[in-house]
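# sequence plus predicted model, see below.
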Amino acid sequence: MDEKRVRERVRSIVLRTLGRPSPASPKRRIVNELDVRDLAFGSTIDVPAGALITPLARQVMMDRHVTASTAPSRPAEANPVPSAIGRKVVALGSDHAGFALKEDLKPYLAELGFAVQDIGTSGPQSVDYPDFALAAAELVATGRAWRGIVVDGAGIGSAVAANKVPGVRAALCYDLATAVNSREHNDANVLTLGAGLIGPALARQIVKAWLETDFAGGRHARRVQKIVDIERRYGKGG
């Protein structure tokens, strides 16, 4: 398959997964950190229905205890992706090597109280991990998912692919220490797992620790901001 067809296929999968409108449709409002950084502590920001809040903007809102007030929405679209505003939606995806572990984690995430957006794959047939890493990363980066989890054979490729999306900090974790560290120090918002490296029991422990660990802020916030600055300097990670 030539490069053009590969790009078209990836784009088709992502657009179908995200339910994104066509280029001719009206653009959705994006709320970024510039919109919220000067708001008073504990204030409220009016967010238009369907608007997207970037991960950095959400972090600033959490730091300043700013809440979002959503205006009345239009009639719901068919099969909408749940909004991450006010809900903890986890985008969950895998390639064929991670399919079985993804299916095991899906009910476990529900038990933990999270809404799961399963982005595929839907079976053990061979697929390409970058497609699903990209879909999960875009859901997180656009604010349509709170966090993302992607499973492949080793977890490395999905981390590399997801980290190409601006606003995403994907971390491959293989034990509890790396899970906690990636959240406390790096404010990771996408977790990748290697199904060939860990079993279901350890995967569940990692997922629980990763989802329940808060970002430590402080000196770590300064360092995460430097990561964001690098992203901007080099064409927003593209």
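Received, thanks. Numbering: from 1, shown residues only.
# how about G235, secondary structure?
Assigned by DSSP: H, G, I helix; E, B strand; the rest coil, the conformation of G235 is coil.
# point out where this protein drops to low pLDDT.
Across the chain, the ranges flagged by pLDDT under 70 are 1-28, 40-42, 50, 63-65, 70-87, 236-238.
# ranges for the helices of it?
Secondary structure of the chain (DSSP state H): helices at 3-18, 33-36, 55-63, 99-111, 129-141, 156-162, 176-184, 200-212, 219-233.
# right, and these - which one's nearest L191?
In terms of Cβ to Cβ, the element of the helices of the chain nearest to L191 is helix 200-212, at 5.1 Å. The C-beta positions use only the backbone N, C-alpha and C, and glycine is treated the same way.
# from the chain's centroid, how far away is that closest one?
17 Å (Cα atoms, centre = their mean, to the nearest Å).
# give me the neighbour count for P200.
Using other Cβ atoms under 10 Å, P200 has 14 other residues around it.
# and the nearest residue to it once chain neighbours are set aside, how far is that from Q117?
Spatially, and ignoring its direct neighbours in sequence, P200 is nearest to D104 (4.8 Å; Cβ to Cβ, 6 or more residues apart in numbering). For D104, the distance to Q117 (Cβ to Cβ, to the nearest Å) stands at 17 Å.
# ok so, going back, how about the residue nearest to P200, what does it touch?
P200, A203, R204 (Cβ atoms under 8 Å, 6 or more residues apart in numbering).
# rerun at 10 Å
Residues near D104 by Cβ atoms under 10 Å, 6 or more residues apart in numbering: V151, A195, G199, P200, A201, A203, R204.
# gap between the nearest residue to K102 once chain neighbours are set aside and H220?
Nearest residue to K102, sequence neighbours excluded (Cβ to Cβ, 6+ apart): S94, at 3.8 Å. Here the criterion is Cβ to Cβ. By it, S94 lies 29 Å from H220.
# and the two? which has more neighbours close in?
For S94 versus H220, the count of surrounding residues by other Cβ under 10 Å is larger for S94: 31 against 14.
# hang on, isn't the more buried one packed against A136?
Yes: the criterion here is Cβ atoms under 10 Å, and S94 meets it with A136 at 9.5 Å.
# any common contacting residues for those two?
Shared contacts of S94 and A136, counting by Cβ under 10 Å, 6+ apart, come down to I119, G120, I149, V150, S158, T192.
# excluding its backbone neighbours, what's nearest the first one?
Beyond its immediate neighbours in the sequence, the residue positioned closest to I119 (Cβ to Cβ, 6+ apart) is G93, lying 4.1 Å away.
# buried ones only from the contacts of D104, please, as a PyMOL command.
A single PyMOL command selects the buried members of the contacts of D104 (16 or more other Cβ atoms under 10 Å):
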select buried, resi 151+195+203+204
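# before we move on, the earlier item: quickly note the distance from the residue nearest to P200 to S94.
Separation of D104 from S94 (Cβ to Cβ): 10 Å.
# for the protein, which residue occupies the most central location?
Closest to where the C-alpha atoms of the chain average out (Cα atoms, centre = their mean) is V140, at 2.7 Å.
# so what's it up against?
The contact partners of V140, taken as Cβ under 10 Å, 6+ apart, are 55, 84, 89-91, 146-149, 162, 165, 167-170, 189-190.
# can you pull the buried residues of stretch 124-143?
Under the neighbour-count criterion of 16+ other Cβ under 10 Å, stretch 124-143 has 127-143 buried.
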